[in-house]
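**Student:** Build me a structure from this.
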Amino acid sequence: MSRTSSEGRDTMTTEDKGALKNLASSGVEALIERLRDEGVQVGHAEAQRIEAEARREAARIVRDAENRAKAVREAAQQEVDALRKGGEEALRIAMRDTVLRLKADLADRFSDEVKRLIAAKIEQEAFLERLILEVAAKARAEAGVDAGQDVEIQLPKALVSPDELRRNPLELREGSLSHFVLSLAGNILAEGVTFGVAAGTEGKGIRLALKGKDVHIDLTDETVAATLLAHLQPRFRAILEGMVK
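**Tutor:** So this is what the prediction gives:
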């Protein structure tokens, strides 16, 4: 407590000074404590802010990474789909081409086999004799020629020579094609049908020629095969296509 000096001034006792010192010390400590609390609170708030920002940034990074991964997966899937589609299309085309080549090969082999059989058949004299009989009988009736026009049946040079046709049938070996033709000639010459030898050709089969006209009908292995194939090939292709069983 203060006291008044003899000069009228207040004087502080030692106790007063100690109390004042204690009071100042406690105020400073309180101030320090308050400042420390405030600093802690500010630091805590800043830490929370930084943590929240870090979480947001981490979430953004994760989200961006997921989006990029999704884009990569989608691009990879599109590429896979494109490759698979391309592969399937290439396989389909390859199968189609293979089937077409196989059908073409089979059609060619079928055609070759028909031609081979016709060529082998038409070389047989017995077959030629039946063919000549059929043709001679129907030459005028179904060849579409006018009456009075002679039809010549031209035979292959390899089977009948011009000299043989000029001979008497009795001079030729019985059973030969030349003998058969000459024996037949006597009966059908009166009907305007004659026999000759095809000139300049080594083909097989016979040819009908309208004498004096540049009109002829070939019944060779090639023309007969072509006629048969024109009829058989569409059916053979239909069988290959499964349309006919």
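
**Student:** for the protein, which spans come out with low pLDDT?
**Tutor:** Scanning the chain with the threshold set as pLDDT under 70 gives 1-12, 136-149, 162, 164-193, 199-203, 244-245.

**Student:** now for the lengthiest helix in it, which elements pack on it?
**Tutor:** Criterion DSSP state H: the longest helix present in the chain is helix 14-122. Helices and strands touching helix 14-122, by 3 or more Cβ pairs under 8 Å, 6 or more residues apart in numbering; DSSP states H and E, are helix 125-142, helix 221-240. In short, each C-beta sits where N, CA and C put it, glycine included.

**Student:** Would you point out which residue is most central in the chain?
**Tutor:** Ile93 (1.3 Å; Cα atoms, centre = their mean).

**Student:** Roughly how far does that one sit from Arg237?
**Tutor:** According to Cβ to Cβ, to the nearest Å, Ile93 stands 21 Å off from Arg237.

**Student:** got it, and Ala119?
**Tutor:** 23 Å.

**Student:** Quick check: Lys103 vs Asp97, distance?
**Tutor:** Relative to Asp97, and taking Cβ to Cβ, Lys103 is found at 11 Å.

**Student:** So if I had to pick from the two, which one is more boxed in?
**Tutor:** Lys103 (14 against 10; other Cβ atoms under 10 Å).

**Student:** For the closest residue to the more buried one other than its chain neighbours, grab the count of nearby residues.
**Tutor:** Nearest residue to Lys103 in three dimensions, chain neighbours excluded: Leu240, at 5.1 Å (Cβ to Cβ, 6 or more residues apart in numbering). The local packing of Leu240 (other Cβ under 10 Å) involves 16 other residues.
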